[in-house]
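>>> fold the following and give me the result.
(2 chains)
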Amino acid sequence: MRQSQLFTKTRKEAPKDEVSKSAQLLLRAGFVAKEMAGVYSMLPLGLRVQNKIVGIIRQAMDAIDGQEVSLTALQDPALWKATDRWDDRNVDNWFKTKLKNEAEAGLSFTHEEPLTRIMKQYIGSYRDLPKFVYQFQTKFRNELRVKSGLLRGREFLMKDLYSFTTNAAELDAYYDRAAAAYKKIYDAVGIGKLTHLTFASGGVFSKFSHEFQTLTAAGEDTIYVAKDKSLAINKEVFTEDVLRDLGRKKDDFEEAKSIEVGNIFKLGTRYSEALGLTYADESGKSHPVVMGCYGIGIGRLLATVVEIMADEKGIVWPAAIAPFDFHLVELNPTGNQTVKKTANELVQQLEQRGKEVLHDDRVDLSAGQKFADSDLIGIPTRIVVSEKTAAAGKLEIKDRSSGEVRYETAGKIG
RNA sequence: CGGGGUAUGGCGCAGUUGGUAGCGCGCAUCGUUCGGGACGAUGAGGCCGCCGGUUCGAGUCCGGCUACCCCGACCA
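Below you'll find the model as predicted:
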């Protein structure tokens, strides 16, 4: 893509009402636009990153037998009344609205109920189980207070997977598979080393749920991480009882701030019983389906990566989710034809090999501005083509993360 | 929802005892520059968050509202 055609631009200063580092950088670099508090639109660069993250997660969910769907955002109150989750006293973050005929409707904040109702049409026997269903869908949560830019918003894209199994053992086995898949996702997006599987409060069905917590001072959660890194415990359940259960001592842990980038939860039969999702076993006897849910907030994950990887010059994207593979910076104020030709041919050559290139072909900009933009946008590899490189017969390659510079002939790139 | 703060051009900000709204960045045109956010000249761009009040006169004083940010509470 030619940068001269990109409708977004960078800016030197962040809007003053944005304090979060990740949001400031994403706004300055033109990845997102703020619609209102806690609500952000994805612009071309941001959407590219989001799509890469979605791709990584989709692959991981498919690998654990997930089947992708897309459920609706508009929700039927009757369904939620059946599980006692419509009343504001029980769920206080609904966005509720009215249809023209005065009937109520809600904007989905999660999808256990609608999916469970759908599954009732298809699950009747143990032979139909297990099943695993996921989606990427916008969630709406009417938070009392949003904060930290994209880290805690009112509208956000979420991957949520729901497991439908016959019994607790089958759920446990899948739960572990999901946890392993999540681990791979965080590794792939570059925050694996900082992300800890964390014991958190559970429900009636299981004592704990598990969160994936990424260590950073920008986090709003407090967790206790074992000094040997073997496990972590959310502050909300860091009690003597729990420590005894886990066979640990308080001294083994250190307190840390973190961002919750994922949550897996054993639902048990809470929703299947309330909504009548049952299956017949081999003897024909009926049982409620045992469920689990597994969520990842895409925008929050994206912002977390920015928060952690950025340096003083701007964003530093891990290769797997960068908006482009290469940022080709053409320094060509005089319109030198050899330089132009070299740049255009290089783009062609890289794209033919399946690489994505942002070609900064803008004229009338100083080298300094182009470099500053490149650093801010944070594409992993910067290639400079200029009269200088043309004269040397080599291209200048700079790694955004390490700052290392090397010189290569065109054929050796990519 | 409790507490604190902010609101002036696209962005960042100044605006004194109330007296015709200013600076930097960005933008447009021209010229000079040309490898780390260059320089000069000229120019465009404002319901000063909204509503009401005081006053001859309000960006400025008073009242109300809204939005945004921060802290706290909340976050199956």
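
>>> around RNA strand B, which positions in the stretch 301-414 of chain A sit nearby?
Residues of the stretch 301-414 of chain A lying near RNA strand B by CB under 7 Å from any atom of the strand: A:313, A:331, A:333-334, A:364, A:366-369, A:371-376, A:384, A:386-389, A:396, A:398. C-beta: built from backbone N, CA, C; applies to glycine.

>>> which of those are buried, as a PyMOL select command?
Here is the PyMOL selection string for the buried members of these, based on 16 or more other CB atoms under 10 Å:
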select buried, chain A and resi 331+371+372+373+374+375+376+384+386+389+396+398
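
>>> among the residues of the stretch 301-414 of chain A next to RNA strand B, which ones are in helices?
A:367-369, A:371-376, A:387-389 (DSSP state H).

>>> generate TSV for the residues you listed, with distance to A:Gly190 and pLDDT as supplementary columns.
Below are those laid out as TSV (distance: CB to CB, whole Å; pLDDT from 0 to 100):
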residue	distance to A:Gly190	pLDDT
A:Ala367	29	96
A:Gly368	28	96
A:Gln369	28	96
A:Phe371	23	98
A:Ala372	23	97
A:Asp373	22	97
A:Ser374	19	98
A:Asp375	18	98
A:Leu376	18	98
A:Glu387	36	95
A:Lys388	32	95
A:Thr389	30	95
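
>>> okay, those in TSV with distance to A:Lys183 next?
Output for those, formatted as TSV (distance: CB to CB, whole Å):
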residue	distance to A:Lys183
A:Ala367	42
A:Gly368	41
A:Gln369	41
A:Phe371	36
A:Ala372	36
A:Asp373	35
A:Ser374	32
A:Asp375	31
A:Leu376	31
A:Glu387	48
A:Lys388	45
A:Thr389	42
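
>>> which one of these is nearest A:Asp228?
The nearest member of those to A:Asp228, counting by CB to CB, is A:Asp375 at 37.3 Å.

>>> residues contacting that closest one?
Contacts for A:Asp375 (CB atoms under 8 Å, 6 or more residues apart in numbering) come out as A:313-314, A:400.

>>> the same query, at a cut-off of 7 Å, please.
A:313-314 (CB atoms under 7 Å, 6 or more residues apart in numbering).

>>> tell me how far it lies from A:Ser22.
As judged by CB to CB, to the nearest Å, A:Asp375 and A:Ser22 stand 16 Å apart.

>>> now swap in A:Asp281 and tell me
Taken as CB to CB, the span from A:Asp281 to A:Ser22 is 49 Å.

>>> higher neighbour count, those two?
Shown here are A:Asp281 and A:Ser22; by other CB atoms under 10 Å, A:Ser22 has more neighbours (28 against 12).

>>> contacts for whichever strand or helix holds the more buried one?
Element membership of A:Ser22, judged by DSSP states H and E, is helix A:21-28. Helix A:21-28 is contacted from outside by A:10-11, A:14-15, A:18, A:32, A:34, A:46, A:149-150, A:218, A:303, A:306-307, A:310, A:314-315, A:376, using CB under 7 Å, 6+ apart.

>>> need the next SSE after it, C-terminal direction.
From helix A:21-28 onward toward the C-terminus, using DSSP H and E, the following helix or strand is strand A:32-36.

>>> when you scan that next one, is anything in it near RNA strand B?
Yes. For strand A:32-36, a contact with RNA strand B is found by CB under 7 Å from any atom of the strand, at A:Met36.

>>> who does the first helix or strand past that strand going along the chain pair up with?
Going down the chain from strand A:32-36, the next helix or strand is strand A:39-42, by DSSP H and E. Using DSSP bridges, strand A:39-42 pairs in its sheet with strand A:32-36 (antiparallel).

>>> what is the most widely separated pair among the ones in helices among the residues of the stretch 301-414 of chain A next to RNA strand B?
Checking those with CB to CB, the most distant pair is A:Leu376 and A:Glu387, at 24.8 Å.

>>> for the residue nearest to A:Ile123 when sequence neighbours are not counted, list the residues it contacts.
Excluding the flanking residues, the one nearest A:Ile123 by CB to CB, 6 or more residues apart in numbering is A:Tyr279, at 5.7 Å. A:Tyr279 sits next to A:123-126, A:128-129, A:166, A:287, A:289 when contact means CB under 7 Å, 6+ apart.

>>> considering only the residues you listed, which also neighbour RNA strand B?
Within those, nothing lies near RNA strand B by CB under 7 Å from any atom of the strand.

>>> so what secondary structure elements neighbour the helix or strand harbouring A:Val347?
Per DSSP H and E, A:Val347 falls inside helix A:337-352. Counting contacts by 3 or more CB pairs under 7 Å, 6 or more residues apart in numbering; DSSP states H and E, helix A:337-352 packs against strand A:326-331, strand A:357-360, strand A:381-386, helix A:387-392.

>>> weakest of these in terms of mean pLDDT?
The weakest mean pLDDT among these belongs to helix A:387-392, with a mean of 94.

>>> and it, what other elements does it pack with?
Secondary elements touching helix A:387-392 (3+ CB pairs under 7 Å, 6+ apart): helix A:337-352.

>>> burial count for A:Ala63?
For A:Ala63, the neighbour count with other CB under 10 Å is 12.

>>> how is the spatially closest residue to it that is not a sequence neighbour assigned, secondary-structure-wise?
In space, and not counting its chain neighbours, A:Ala63 is closest to A:Ala181: 6.5 Å by CB to CB, 6+ apart. Assigned state for A:Ala181: helix (three-state reduction, DSSP: H, G, I helix; E, B strand; the rest coil).

>>> could you do A:Ile57 as well?
helix.

>>> list the contacts for the residue lying closest to it once chain neighbours are set aside?
Beyond its immediate neighbours in the sequence, the residue positioned closest to A:Ile57 (CB to CB, 6+ apart) is A:Lys159, lying 5.1 Å away. Contact analysis of A:Lys159 by CB under 7 Å, 6+ apart lists A:57, A:134, A:136, A:295-296, A:298.
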